[in-house]
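**Q** Sharing a sequence plus its predicted fold:
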Amino acid sequence: MIRSELKKKAQKHLHGYYGNWSLLAIIPSVALFIYFFFIMILIQAPENTVNQSNQYQSWQDDYTTKSNRSNTEYQKGYDDGYFDGYDEGYDDGLYQEEDYDEDSYDGKNLDSISYKSNLSPVKNSARTVTYTQTTTVETRFSGFFAFLFGLLLLLVTILYRGMVQWAAIDNVEGRKFNLKSIFTTFIGENGKRTVSANLLVTLYVFLWSLLFMIPGVIKQLSYSMTNYLLKKDPELTPKEAMALSQALMQGYKLEYFIFSYSFVLWQFATFFSFGLASVYVIPYYGVSEVLFFDQIIAEKHHLFSQEKEAGFADF
């Protein structure tokens, strides 16, 4: 069955079930809102904290900031006052010298006497003392909180994908479902199997990604049917579901990769609509994916001969 036929069949299955998907599909929109809300809080937090850095600033800096005069006018007045006081003090000291001869300086302007001082005028500038350690408690707390929030968001995202697959299976098989029922079966009744399987998949994909990105992507495609198999067969353990998923995806990884990225424009629509388009995109993709997996099961039914002999009719 080609991709276009799968998508048309998915739309037929979704007819009359969008109400069941409503709360489950709106979760990404709420998650994006919470994410941006906390990002704004973390960005604005340093602006509202008291400056605890080890810097010295003169009281004149605050005065010049609040003054209506410009910095250039303030500097000019400061320099003029400094040089006037310097010239008066120099003239007084010159006239009081013991070897001063009035005739030798008669008719001469004292200001014209060439005298260069090694002293430089005092500039009205802030004195900054920088120390190596300037970290504040607020910065450390914000970083730690952002790290915990990122881990929590990653865990929720991983489990949410599994819940979507379980809801899509119920949709295809014609069973009524909602957010509460999916959460109860996925987390409450099968939490040990589902959480362990998803954490193992994430760990294995991460370790394979350390070799380069391509091995990680291949492993992600190989384990893509894990949640599907856990739903189909309640007796499967996490590692058994992962091993069976690898066997089923053998020869279908590239086709599944192309199938997944055929929804990339819908994913962009979800992002730029701040998750609002997810009400349509998530059910559409989830049901299409389950139909794709059903097709793999039908083509590899020989792998389940032992399960059928043992009494498992799920496949």
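**A** Good, I have the coordinates. Numbers count the residues shown, from 1 in each chain.
**Q** among the helices and strands of this protein, which has the poorest mean pLDDT?
**A** When each helix and strand of the chain is scored by mean pLDDT, DSSP states H and E, helix 59-66 comes last, with a mean of 50.
**Q** Output the below-cut-off pLDDT ranges for the stretch 51-200 of the chain.
**A** Applying pLDDT under 70 to the stretch 51-200 of the chain flags residues 51-142.
**Q** Run through the stretch 201-315 of the chain and note the low-pLDDT ranges.
**A** The model of the stretch 201-315 of the chain has pLDDT under 70 over residues 303-315.
**Q** Next one: residue 158 relative to residue 205, how far apart?
**A** Separation of residue 158 from residue 205 (Cβ to Cβ, to the nearest Å): 10 Å. Where C-beta positions appear, they are placed from N, C-alpha and C, glycine not excepted.
**Q** Oops, could you answer that again for residue 191 instead?
**A** Taking Cβ to Cβ, one finds residue 191 at 21 Å from residue 205.
**Q** which of the two has more neighbours?
**A** The residue with more neighbours, out of residue 191 and residue 205, is residue 205; 18 against 14, by other Cβ atoms under 10 Å.
**Q** doesn't residue 218 make contact with the more buried one?
**A** No: using Cβ atoms under 8 Å, residue 205 is not in contact with residue 218; the gap is 9.4 Å.
**Q** Tell me the buried residues in the helix or strand residue 33 falls within?
**A** For residue 33, the host element (DSSP states H and E) is helix 27-48. Neighbour counts over helix 27-48 (16 or more other Cβ atoms under 10 Å) mark 27, 28, 29, 31, 32 as buried.
**Q** contact partners of that helix?
**A** 138-139, 142, 145-146, 149, 153, 156, 160, 270, 274-276, 278-279, 282 (Cβ atoms under 8 Å, 6 or more residues apart in numbering).
**Q** Please point out which parts of the longest helix along the chain sit buried.
**A** Ranked by residue count, the top helix of the chain under DSSP state H comes out as helix 137-172. By 16+ other Cβ under 10 Å, the buried positions in helix 137-172 come out as 142, 158-160, 162-172.
**Q** With stretch 267-275 instead?
**A** Residues of stretch 267-275 classed as buried: 270, 275 (neighbour count, 16+ other Cβ under 10 Å).
**Q** any idea whether residue 24 is helix, strand or coil?
**A** helix (DSSP: H, G, I helix; E, B strand; the rest coil).
**Q** show me what contacts it?
**A** Residue 24 is in contact with 163, 164, 167, 178, 179, 182, 282, counting by Cβ under 8 Å, 6+ apart.
**Q** Return the two entries of these that lie farthest from one another.
**A** 178 and 282 (14.4 Å; Cβ to Cβ).
**Q** neighbour count winner among the two?
**A** Legend: neighbour count by other Cβ under 10 Å for residue 178 and residue 282, higher for residue 282 (24 against 16).
**Q** Could I get the contacting residues of that one?
**A** So residue 282 contacts 21, 24, 25, 28, 164, 270 (Cβ under 8 Å, 6+ apart).
**Q** ok, of those residues, which one's closest to residue 222?
**A** Using Cβ to Cβ, those come closest to residue 222 at residue 164, 19.4 Å.
**Q** what helix or strand is the closest residue in space to that closest one that isn't next to it in sequence on?
**A** In space, residue 164 comes closest to residue 286 once its chain neighbours are excluded; the distance is 4.6 Å by Cβ to Cβ, 6 or more residues apart in numbering. Taking DSSP H and E as the definition, residue 286 sits inside helix 278-299.
**Q** how much does that helix deviate in direction from helix 27-48?
**A** Interaxial angle of helix 278-299 relative to helix 27-48 (axes from the mean of the first three to the mean of the last three Cα atoms, to 10 degrees): 130 degrees.
**Q** Neighbours of residue 21, how many?
**A** 25.
**Q** picking up where we left off before, pull the helix holding residue 286 out as PDB, backbone CA atoms only.
**A** Provided in PDB are the C-alpha atoms of helix 278-299 (Å, rounded to 0.1, in the frame of the first residue of the first chain):
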ATOM      1  CA  SER A 278      -1.600  19.500  16.400                       C
ATOM      2  CA  VAL A 279      -5.300  18.900  16.900                       C
ATOM      3  CA  TYR A 280      -5.400  17.700  13.300                       C
ATOM      4  CA  VAL A 281      -1.700  16.700  12.700                       C
ATOM      5  CA  ILE A 282      -1.200  14.300  15.600                       C
ATOM      6  CA  PRO A 283      -4.200  12.100  15.000                       C
ATOM      7  CA  TYR A 284      -3.500  12.100  11.300                       C
ATOM      8  CA  TYR A 285       0.100  11.100  11.700                       C
ATOM      9  CA  GLY A 286      -0.600   8.600  14.500                       C
ATOM     10  CA  VAL A 287      -3.300   6.700  12.700                       C
ATOM     11  CA  SER A 288      -1.200   6.700   9.400                       C
ATOM     12  CA  GLU A 289       1.700   5.300  11.300                       C
ATOM     13  CA  VAL A 290      -0.300   2.500  12.900                       C
ATOM     14  CA  LEU A 291      -1.700   1.600   9.400                       C
ATOM     15  CA  PHE A 292       1.900   1.500   8.200                       C
ATOM     16  CA  PHE A 293       2.900  -0.900  11.000                       C
ATOM     17  CA  ASP A 294      -0.200  -3.000  10.300                       C
ATOM     18  CA  GLN A 295       1.000  -3.400   6.700                       C
ATOM     19  CA  ILE A 296       4.400  -4.600   7.900                       C
ATOM     20  CA  ILE A 297       2.700  -7.200  10.200                       C
ATOM     21  CA  ALA A 298       0.700  -8.400   7.300                       C
ATOM     22  CA  GLU A 299       3.700  -8.800   5.100                       C
END
